[in-house]
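Novice: One predicted model, sequence on top.
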Amino acid sequence: MIYLTGFHAIEERIRSGKSCGPLLVAKAGPRAKEITALAVKNKIRLERTGVFELDKIAPDNRGIALQVPDHVSGEDSADISLDSFIAGLGDEKNSLVLILDEITDPHNYGAILRCCDQFAVDLVISRNRRNAKHAAIISQTSAGAVSWVAQAETANLVRAMDDLKECGFWIYGADMDGEPVYKKNLSGRIALVLGSEGSGISRLLREKCDGFIGIPSSGRIDSLNVSVAAGILLYEVKRQNK
């Protein structure tokens, strides 16, 4: 088991209806009391514990901690398979998918999920997405968005891109030298690929992209943080589709 300690992460996990609990309570300020009341309303078991005991198992707590399963698939998460996602598209003309190529920093991953929640991304696809030791960091950094954003894990991102193309998706890679994002028509079924900050999008995935989009900037450093770039690109897609 792992323990969520961020107020937003705990609150959104409870609201999502995914399995969790008990909620461990050592001391409760106003915010913690609100979450405790929410837990009672949602029939989440409460356990009173001492400050010392809670500090031992959840060092970053603010008086409360929520126990959740240490796995992130099945009924305990927002995960679905890519096949299920494609099957459920039906006649939907507009859809937005984000493909993450080796985003290994859990803080970046969580921040990207938060952007995905804000801009209504339909699916996030990644390879070897996350493991139990990072689940709490991702949940806290995403402010609980991990409980809501649909995610699919695959061993073969190239094949996933082929599957998306077969059902009408245009796939664009994020690249500093790409066409300015506001000049590209991003309506319809769109998938964006984000690469790692270290090496960018891998060669095989670049070869599958239909084009590349970039964010014009005037800065003196090389590029934006990947989660910041994700937010800007996703906003522009949603702006065009309103």
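Specialist: Thanks, I have it. Numbers count the residues shown, from 1 in each chain.
Novice: Tell me which helix or strand the spatially most central residue of the chain sits in.
Specialist: The chain has residue 113 as the residue nearest its centroid, 2.4 Å off, counting by CA atoms, centre = their mean. Assigned by DSSP states H and E, residue 113 falls within helix 106-118.
Novice: coming back round to it: leaving out chain neighbours, which residue sits closest to the residue nearest to the centre of the chain?
Specialist: residue 142 (4.1 Å; CB to CB, 6 or more residues apart in numbering). For glycine as for every other residue, the C-beta is placed from the backbone atoms N, C-alpha and C.
Novice: Grab the longest helix from this protein for me.
Specialist: helix 226-240 (DSSP state H).
Novice: which stretches of this protein form helices?
Specialist: 7-16, 30-41, 51-57, 82-87, 106-118, 132-141, 157-166, 203-208, 226-240.
Novice: between those helices, which one is nearest to residue 183?
Specialist: Closest approach to residue 183 among the helices of the chain (CB to CB): helix 226-240, 10.1 Å.
Novice: pLDDT on that closest one, on average?
Specialist: Averaging pLDDT along helix 226-240 yields 94.
Novice: and if you look at stretch 11-26?
Specialist: Across stretch 11-26, pLDDT averages out at 88.
Novice: Only the buried residues of that stretch, if you could.
Specialist: 11, 12, 13, 14, 16, 18, 20, 21, 23, 24, 25, 26 (16 or more other CB atoms under 10 Å).
Novice: May I have the residues that are in contact with the last one?
Specialist: Which is residue 26. Counting by CB atoms under 8 Å, 6 or more residues apart in numbering, residue 26 touches 48, 49, 50, 51, 53, 54, 61, 63, 64.
Novice: can you pick the most crowded of those?
Specialist: residue 64 (27 neighbours; other CB atoms under 10 Å).
Novice: looking at it, that one is touching residue 35, isn't it?
Specialist: Yes. The criterion here is CB atoms under 8 Å, and residue 64 meets it with residue 35 at 6.3 Å.
Novice: Now the residue in the chain sticking out farthest from the centre: phi and psi?
Specialist: Centroid-distance maximum for the chain: residue 50 at 33.0 Å, with CA atoms, centre = their mean. Phi and psi for residue 50, reported as degrees, to the nearest 10, are phi -80, psi 160.
Novice: separation between the closest residue to it other than its chain neighbours and residue 53?
Specialist: Closest residue to residue 50 apart from its sequence neighbours, by CB to CB, 6+ apart: residue 26 at 6.2 Å. Separation of residue 26 from residue 53 (CB to CB, to the nearest Å) stands at 7 Å.
Novice: If you count contacts, what does the lowest-mean-pLDDT helix or strand in the chain end up packed against?
Specialist: Ranking every helix and strand in the chain by mean pLDDT, DSSP states H and E puts helix 132-141 at the bottom, with a mean of 69. Where contact means 3 or more CB pairs under 8 Å, 6 or more residues apart in numbering; DSSP states H and E, helix 132-141 is packed against strand 2-4, helix 7-16, helix 106-118.
Novice: Using PDB, write down the CA coordinates of it.
Specialist: C-alpha atoms of helix 132-141 as PDB (Å, rounded to 0.1, in the frame of the first residue of the first chain):
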ATOM      1  CA  ALA A 132       4.300   2.100  -7.200                       C
ATOM      2  CA  LYS A 133       7.200   4.100  -5.700                       C
ATOM      3  CA  HIS A 134       6.200   7.100  -7.900                       C
ATOM      4  CA  ALA A 135       2.400   6.800  -7.700                       C
ATOM      5  CA  ALA A 136       2.100   9.200  -4.600                       C
ATOM      6  CA  ILE A 137       4.400  11.800  -6.300                       C
ATOM      7  CA  ILE A 138       2.300  11.700  -9.500                       C
ATOM      8  CA  SER A 139      -1.000  11.900  -7.600                       C
ATOM      9  CA  GLN A 140       0.200  14.900  -5.500                       C
ATOM     10  CA  THR A 141       1.900  16.700  -8.400                       C
END
